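> Mind looking at a prediction? Sequence and model below.
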Amino acid sequence: EAGVAQSPRYKIIEKRQSVAFWCNPISGHATLYWYQQILGQGPKLLIQFQNNGVVDDSQLPKDRFSAERLKGVDSTLKIQPAKLEDSAVYLCASSPQGQENTEAFFGQGTRLTVV
Amino acid sequence: AQSVTQLGSHVSVSEGALVLLRCNYSSSVPPYLFWYVQYPNQGLQLLLKYTTGATLVKGINGFEAEFKKSETSFHLTKPSAHMSDAAEYFCAVSRGFKTIFGAGTRLFVKA
């Protein structure tokens, strides 16, 4: 079974530029998560999708971050404009259809450096 | 509201020694608990999980954890550390569709 795929693995941009990350979850997984992991901290949930609907985006900085999940499969996360404090690893994860309290399956992440 | 506290951001053990990583949680209702491991430049991988039933949970790579409701703890242990166990470990609590992660504990294993 293929895992969660993310691209790119690494990205370096200047502040005020824009950037986009892509995620393809495990086939058949209805729930998709985007987490931000700042160095030395645990993952923080940015947004959670159930199919193509948003379940939780309470910690997404909506003035600069946006995410979509067209057709309920893959997803993109965009930052525009980027700030220095956005430097982090962005992790995508997925979990099976409609299962509460189940574990999430993570991709390798995208390491973003804003200079 | 749910929260997770991992005691000690860094733990260092000798190869062959006991590994003990501490996790305490707070939850208004019985939670589901997880331990994940993260190797350098990798995503998180599930080590083990507690849902219901037996409070001692066995996971991969020889790790186990015990759910103690009275102490609101879910500490991770391994009897004998191996060099390959060096990684970052995250405790997480879940209720419904929401999961909260602790800040993580980095495990160092000395030869």
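Yes, it's here. Everything numeric in this text was worked out from a predicted model, so none of it was measured.

> Which pLDDT value goes with the most centrally placed residue in chain A?
In chain A, the C-alpha nearest the mean C-alpha coordinate belongs to A:Trp34, at 2.7 Å (Cα atoms, centre = their mean). Among the per-residue scores, A:Trp34 shows a pLDDT of 96.

> and the helix or strand bottoming out on mean pLDDT in chain A, what does it pack onto?
Least confident element among the helices and strands of chain A, by mean pLDDT, DSSP states H and E: strand A:53-56 (a mean of 90). When contacts are defined as 3 or more Cβ pairs under 8 Å, 6 or more residues apart in numbering or on different chains; DSSP states H and E, strand A:53-56 packs onto strand A:44-50. C-beta coordinates here come from the backbone N, C-alpha and C atoms, glycine included.

> Run through the neighbouring helices and strands of the strand it packs on.
Using 3+ Cβ pairs under 8 Å, 6+ apart: strand A:44-50 touches strand A:31-37, strand A:53-56, strand A:65-68, strand A:75-79, strand B:98-101.

> Format those strands as a markdown table; extra columns: distance to B:Phe90.
Output for those, formatted as a markdown table (distance: least, Cβ to Cβ, whole Å):
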| stretch | distance to B:Phe90 |
| --- | --- |
| strand A:31-37 | 10 |
| strand A:53-56 | 19 |
| strand A:65-68 | 22 |
| strand A:75-79 | 21 |
| strand B:98-101 | 5 |
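
> Tell me which of these is the most buried.
strand A:31-37 (a mean of 24; mean count of other Cβ atoms under 10 Å in any protein chain shown).

> and that strand with strand A:75-79, angle?
If you take axes from the mean of the first three to the mean of the last three Cα atoms, to 10 degrees, strand A:31-37 sits at 30 degrees to strand A:75-79.

> Contacts only, for the residue nearest to the centre of chain A.
A:Cys23, A:Leu45, A:Leu46, A:Ile47, A:Gln48, A:Ala67, A:Ser75, A:Leu77, A:Tyr90, A:Leu91, A:Cys92 (Cβ atoms under 8 Å, 6 or more residues apart in numbering or on different chains).

> Look up how far A:Phe106 lies from it.
For A:Trp34, the distance to A:Phe106 equals 11 Å [Cβ to Cβ, to the nearest Å].

> Overlap of the contact sets of those two?
Common neighbours of A:Trp34 and A:Phe106, counting by Cβ under 8 Å, 6+ apart, are A:Leu91, A:Cys92.

> Enumerate the residues of chain B near chain A.
Residues of chain B lying near chain A by Cβ under 8 Å from any Cβ of the partner chain: B:4, B:9, B:32, B:34, B:36, B:41-46, B:49, B:51, B:90, B:92, B:94-104.

> Inside strands: which ones of those?
The strands, defined by DSSP state E, take in B:4, B:32, B:34, B:36, B:44-46, B:49, B:90, B:92, B:94-95, B:98-101 from the residues of chain B next to chain A.
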